[in-house]
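*Asks:* Attaching a predicted model along with its sequence, questions to come.
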Amino acid sequence: MAFGGFRGNRQSVIWKWQFTRKCLRKLPFNARVLGVNKKRTGDTVRDTGTMLVSADFNTIPEQYAKNAPDDARMDGVPCVSFPFYIDHLNPAAKYLHWEFSDPDSIPVCGFEWIHWTMANLPVAALMFDPSDAHALQIPPDFSRRVTAMIPEAVQGRNSQASPLYGQDQRNLQLVAHYTGPQPPDKDHGYVLQIWGTTSPIAGLEQGFWLNEMLHGLEHSQVVDGGGITLIGKC
């Protein structure tokens, strides 16, 4: 599968990771953050840029969300992940890890709903756009395809795996892959946050829990990060 690169004129909501309260909450302060923004060369400091995460849309398209067609669902849940872009990645980042979640679910169910987690995705396994060495594309339906394409990457459990939800936790195709937005009360803001590290997080297997990844980041060399907020329609 070809992985494209940067697209012009795309609409996005982009924010800086090191100034984002959510990311700082999720990444403990004792994590080693190396080389974000600045690279020292001799006596000068050169700005290398921070990872930028973007998409071709502000609102998650229907085929990845609540109104997905039947062939894009598993057990009634949207299961085809949406595409997005990662630009200006710090060259020291060799592995990517991300979380896609819904903080607006807290008033509805009492906790932040986890829709997708990914860890230990090797940057080298993704094809760079030859016209822009900093641009990476995560293609549509990556969640269902990545295990066959890049077996060293692992996906964690989403909130469908909660004992409170009653889903079969052995069904990793549902509880350890992408599940699309289905807000029941109003439009929600969904947050995708990505971290780049110099090495994989040790000890993570398919079906890991989010807290395991976050604890692993505490002991990793986190060299870059970014995020985007997208709207999921009710």
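*Replies:* Received the coordinates, thanks. Numbering: from 1, shown residues only.
*Asks:* and the most centrally placed residue in the chain, what does it touch?
*Replies:* With distances taken as C-alpha atoms, centre = their mean, residue 98 lies nearest the centre of the chain, 3.2 Å away. Residue 98 is in contact with 116, 117, 118, 192, 193, 194, 195, counting by C-beta atoms under 8 Å, 6 or more residues apart in numbering. Where C-beta positions appear, they are placed from N, C-alpha and C, glycine not excepted.
*Asks:* Go through these and give me the one with the most neighbours.
*Replies:* residue 195 (29 neighbours; other C-beta atoms under 10 Å).
*Asks:* What pairs with the helix or strand harbouring that residue, parallel or antiparallel?
*Replies:* Residue 195 belongs to strand 188-197 when assigned by DSSP states H and E. Paired strands of strand 188-197, with direction, are strand 95-102 (antiparallel), strand 221-232 (antiparallel) (DSSP bridges).
*Asks:* Just give me how far the shortest one sits from the chain centre.
*Replies:* Read it as strand 95-102. Per C-alpha atoms, centre = their mean, to the nearest Å, the displacement of strand 95-102 from the mean C-alpha position of its chain is 3 Å.
*Asks:* Please apply the same query to stretch 196-215.
*Replies:* Centre to centre, stretch against its chain (C-alpha atoms, centre = their mean), the figure for stretch 196-215 is 13 Å.
*Asks:* buried ones in it?
*Replies:* Residues of stretch 196-215 classed as buried: 196, 197, 198, 200, 201, 204, 207, 208, 210, 212, 213, 214 (neighbour count, 16 or more other C-beta atoms under 10 Å).
*Asks:* Same check on stretch 175-186?
*Replies:* 175, 176, 177, 178, 179, 180, 181, 182, 183.
*Asks:* And the contacts of residue 98, which is closest to residue 161?
*Replies:* residue 117 (10.8 Å; C-beta to C-beta).
*Asks:* Look at that closest one and report its pLDDT.
*Replies:* Note on residue 117: pLDDT of 98.
*Asks:* Check which helix or strand it maps to.
*Replies:* strand 113-122.
*Asks:* Send over that strand as PDB, restricted to the C-alpha atoms.
*Replies:* Provided in PDB are the C-alpha atoms of strand 113-122 (Å, rounded to 0.1, in the frame of the first residue of the first chain):
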ATOM      1  CA  TRP A 113     -14.100   7.300  26.000                       C
ATOM      2  CA  ILE A 114     -11.100   5.700  24.300                       C
ATOM      3  CA  HIS A 115     -11.700   5.100  20.600                       C
ATOM      4  CA  TRP A 116      -8.200   4.000  19.400                       C
ATOM      5  CA  THR A 117      -4.700   3.500  20.700                       C
ATOM      6  CA  MET A 118      -1.600   2.600  18.700                       C
ATOM      7  CA  ALA A 119       1.900   2.000  19.900                       C
ATOM      8  CA  ASN A 120       5.400   1.100  18.500                       C
ATOM      9  CA  LEU A 121       4.600   2.000  14.900                       C
ATOM     10  CA  PRO A 122       8.000   2.300  13.200                       C
END
